[in-house]
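Peer 1: Here is a sequence together with a model predicted from it:
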Protein chains: 2
Amino acid sequence: MGEAGFATHDHSGCIEAGLARAGRICTAAGVRLTPIRRRVLEILLAEHRAMGAYEVLDRLAREGHPAQPPVAYRALDFLVRHGLAHRIERLNAFIACSHSGRDHAPVFLICRACGAVAEAGWQPGGGQIGAAARAHGFRVEAVVAEALGTCPNCRAAAP
Amino acid sequence: MGEAGFATHDHSGCIEAGLARAGRICTAAGVRLTPIRRRVLEILLAEHRAMGAYEVLDRLAREGHPAQPPVAYRALDFLVRHGLAHRIERLNAFIACSHSGRDHAPVFLICRACGAVAEAGWQPGGGQIGAAARAHGFRVEAVVAEALGTCPNCRAAAP
DNA sequence: TCTTGATATGTTATAATATAACCCTTTATC
DNA sequence: GATAAAGGGTTATATTATAACATATCAAGA
């Protein structure tokens, strides 16, 4: 999987690889990738973009799954807790994790024009946020880093 | 004003100074700091913490102001647009800007235990986010950076 | 000053996002 | 198989946010 940028690519393999990876992670963590959880991850992987909880829910509904809000939120919470998906605060949306490494602090690049989201990795402790936190005596446990702007595709289309 | 950290301080002067600064900024920008906008900023400055829109709204209501949701959202949007307040995505809440400088990209340090929020400044373009964006050909227009963790006060209280 | 366009406010209604709470089922373990 | 722990199904409701439209206020030129 690796980095997911804005470049279009054939990601038919992403879904399979993502599910396989999820299976490994869940096994290692001693938790269960149940059918609903697996299906939600699959939906996120297939769409390859940030999706709202109710959008995921609609999918499940159309497939005949039970589809009350808690169904989606529980599955999404699970995926986020185990690092298989991320929540994009700015969009109130969720996206499958596209970073292959272990524990990572993602930074999201969100295109205003097309809504595409790229995930990049970084070392939050090492940079300026870490420095700011140390200056305030603050212990960082998690970081939300989201950049809004325009992706290269949209700039090329409407410069 | 300057940096707002976790240290307690007498911020009676903060309110006055914040309002004066807001007046200058609005005059310079040719926009109006109307009574409602001013009052909402005053509330945020006085509380000195992140407040939800409906919490601000309750205040206005108790003071006899009209208090339908758009009243609060419009005032808060105005304050955010002009850099007088910030939206904390992670909390769906708003906080008065406590950074005296000009255009700045704030990073927020949010304490899980007590909910306090400190605002620090940084240079988003220079750091790792800038590097990640350049690597993806992404043009950054705004950055949300929020760190969750524990503030020094809470760690001292319950280590 | 009058008019006019732009901006702001008041209000109703509703959309979008998220969680509480309860009960039942499935799974893992002894 | 008994039992505890985790997950799922469902109802209801809480929380956050905006659309839409009528009225009021302001700024600036005719």
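Peer 2: Perfect, I can see it now. Numbering: from 1, shown residues only, chains lettered A, B, ... in the order given.

Peer 1: Select the longest helix from chain A.
Peer 2: helix A:12-29 (DSSP state H).

Peer 1: what's the distance between the residue nearest to residue A:138 when sequence neighbours are not counted and residue B:6?
Peer 2: Distances taken as CB to CB, 6 or more residues apart in numbering or on different chains place residue B:109 nearest to residue A:138, at 4.4 Å, with adjacent residues excluded. All C-beta atoms are positioned from the backbone trio N, CA, C, and that covers glycine. Residue B:109 is 8 Å from residue B:6, where distance means CB to CB, to the nearest Å.

Peer 1: Can you check which residues contact both of the two?
Peer 2: Both residue B:109 and residue B:6 are in contact with A:136, A:138, B:118, B:151, where contact means CB atoms under 8 Å, 6 or more residues apart in numbering or on different chains.

Peer 1: circling back to that earlier point, measure how far the longest helix of chain A is from the centre of its chain, please.
Peer 2: 14 Å (CA atoms, centre = their mean, to the nearest Å).

Peer 1: repeat for stretch A:60-71
Peer 2: That offset, for stretch A:60-71, works out to 21 Å (CA atoms, centre = their mean).

Peer 1: try stretch A:15-34
Peer 2: With CA atoms, centre = their mean as the basis, stretch A:15-34 stands 15 Å off its chain's centre.

Peer 1: Any residue of it touching DNA strand D?
Peer 2: Yes. Using CB under 7 Å from any atom of the strand, stretch A:15-34 comes into contact with DNA strand D via A:31, A:32, A:34.

Peer 1: Quick check: which element contains residue A:106?
Peer 2: strand A:105-111 (DSSP states H and E).

Peer 1: CA atoms only for that strand, dumped as CSV, please.
Peer 2: C-alpha atoms of strand A:105-111 as CSV (Å, rounded to 0.1, in the frame of the first residue of the first chain):
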residue,chain,number,x,y,z
ALA,A,105,0.8,9.9,13.1
PRO,A,106,-0.8,10.7,9.8
VAL,A,107,-1.1,14.2,8.2
PHE,A,108,-3.9,14.5,5.8
LEU,A,109,-3.8,16.7,2.7
ILE,A,110,-7.4,17.6,1.8
CYS,A,111,-8.2,19.1,-1.5
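
Peer 1: could you list every residue that touches residue A:29?
Peer 2: Contacts of residue A:29 (CB under 8 Å, 6+ apart): residue A:82.

Peer 1: Is residue A:66 located within a helix, as I assumed?
Peer 2: No. Counting by DSSP: H, G, I helix; E, B strand; the rest coil, residue A:66 is not part of a helix but coil.

Peer 1: Retrieve the pLDDT associated with the nearest residue to it once chain neighbours are set aside.
Peer 2: Leaving aside its sequence neighbours, residue A:66 sits nearest to residue A:60 (CB to CB, 6+ apart; 7.6 Å). If you check residue A:60, the pLDDT there is 97.

Peer 1: and residue A:60, how far is that from chain B?
Peer 2: 25 Å (CB to the nearest CB, to the nearest Å).

Peer 1: for residue A:59, same thing?
Peer 2: Separation of residue A:59 from chain B (CB to the nearest CB): 25 Å.

Peer 1: show me the contacts for the residue nearest to residue A:138.
Peer 2: Residue B:109 is in contact with A:132-133, A:136, A:138, A:140, B:6, B:117-120, B:147, B:149, B:151, counting by CB under 8 Å, 6+ apart.

Peer 1: rerun at 10 Å
Peer 2: By CB atoms under 10 Å, 6 or more residues apart in numbering or on different chains, the contact set of residue B:109 is A:129, A:132-133, A:135-140, B:5-6, B:116-120, B:145-151.

Peer 1: among those, which ones are buried?
Peer 2: Among these, those classed as buried by 16 or more other CB atoms under 10 Å in any protein chain shown are A:129, A:132-133, A:136-140, B:5-6, B:116-120, B:145-151.
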